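*Asks:* here is a sequence with its predicted model. Questions after.
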Amino acid sequence: MTLRDLAAVMSPALKGILLPKIEGPADVHAADALLTCAEVGHGLPRGSLLIYPILETANAIRLAYEIAMASPRVGYMGGAISRFGDIHQAIGFRWTAEGEETLFLRSKVLVDARAAGIRYPISGMWGGRVDDVDGLRDFATGLRNLGYYGMMLGHAGHVPLVHEVFSPTAEELAYWQELDALATAAEVEQQDTGGDKILHGEPGQGEGHVVHIAHVGSARRNLAWARDLGLL
């Protein structure tokens with residue numbers, strides 16, 4: 001019924017679709033073909049709609065990299081999490097608020113997604129009580145620390161908190177901007193920035209630390225992310 005579902009939602013406002021319960025790259029290939037058919041039929045540019053594969057089966061977790069590489073339409077992906085849903089049935093874990101039981105799943109898919117060129121991996125939903133704001137904050141913070149740039153949500157009231165957790169802080173922005181400025185100045189002066197040359201004080205700390213050129217690259221990449229978010 002996928003093509004029929006697409007016909008019901010196709011419009012210039014549509015940005016992409018979720019693709020649940022997939023088993024492997026063939027499911028993405030099929031969805032890609034159907035999207036192309038729908039785009040042509042509704043006068044939309046070919047390839048304009050994205051695919052977000054929902055990894056809810058053991059085989060999808062195993063083939064996460066291949067799934068991410070199956071189509072240029074795959075713009076977002078991450079480790080699915082569910083308290084008693086499909087991924088729980090497929091793996092058999094016992095859900096906890098701390099999330100240790102899904103850490104490997106989330107980490108494995110995160111690495112696969114990044115290796116496939118997914119810029120902003122998004123993880124699955126919080127499985128705790130809707131009113132457990134502290135639990136949600138801890139879980140979301142853990143996802144951000146792990147390397148995720150967002151998470152799926154099942155409750156509109158959680159949006160502000162999750163935006164706060166996943167958005168760069170003012171301190172982080174200032175730190176990245178200072179690294180960028182220091183490196184730019186060194187480049188103008190034709191200083192050697194290929195090694196551990198630039199000293200910088202950590203935000204809120206009096207002591208400096210040695211900065212490698214790779215740190216500058218990370219800062220500039222993070223600044224690009226902040227600009228994508230409209231923070232700069």
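*Replies:* Noted; the coordinates are in hand. Note that the structure is a prediction, hence the values are computed from the model and not measured. Numbers count the residues shown, from 1 in each chain.
*Asks:* what bits of the chain have low per-residue confidence?
*Replies:* Scanning the chain for pLDDT under 70 picks out 190-209.
*Asks:* domain parsing for it?
*Replies:* Annotated domains of the chain cover 2-166, 170-228 [automatic domain parsing].
*Asks:* mean neighbour count for these - can I get that in JSON lines?
*Replies:* The way it works is simple: take the backbone N, C-alpha and C, and place the C-beta from them, glycine included. Formatted as JSON lines, the domains of the chain follow (neighbours: other C-beta atoms under 10 Å):
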{"stretch": "domain 2-166", "mean neighbour count": "17"}
{"stretch": "domain 170-228", "mean neighbour count": "14"}
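*Asks:* Tyr149 against Tyr120, yeah?
*Replies:* Yes. With contacts defined as C-beta atoms under 8 Å, Tyr149 counts as touching Tyr120 at a distance of 4.1 Å.
*Asks:* what do the two both touch?
*Replies:* Counting by C-beta atoms under 8 Å, 6 or more residues apart in numbering, the shared contacts of Tyr149 and Tyr120 are Trp225.
*Asks:* just the strands from this structure, written as ranges.
*Replies:* Secondary structure of the chain, counting by DSSP state E: strands at 16-19, 50-53, 122-123, 150-151, 198-201, 208-211.
*Asks:* so who does Gly127 touch?
*Replies:* The neighbours of Gly127, taking C-beta under 8 Å, 6+ apart as the test, are 81-83, 95, 97.
*Asks:* roughly how far does it sit from Val159?
*Replies:* Distance of Gly127 to Val159, given as C-beta to C-beta, to the nearest Å: 17 Å.
*Asks:* Gly128 touches Arg137, doesn't it?
*Replies:* No. Gly128 is not in contact with Arg137 according to C-beta under 8 Å; the separation is 10.8 Å.
*Asks:* max-length helix in this protein?
*Replies:* In the chain, taking DSSP state H as the definition, the longest helix is helix 170-188.
*Asks:* and that helix, what does it pack onto?
*Replies:* strand 198-201, helix 213-228 (3 or more C-beta pairs under 8 Å, 6 or more residues apart in numbering; DSSP states H and E).
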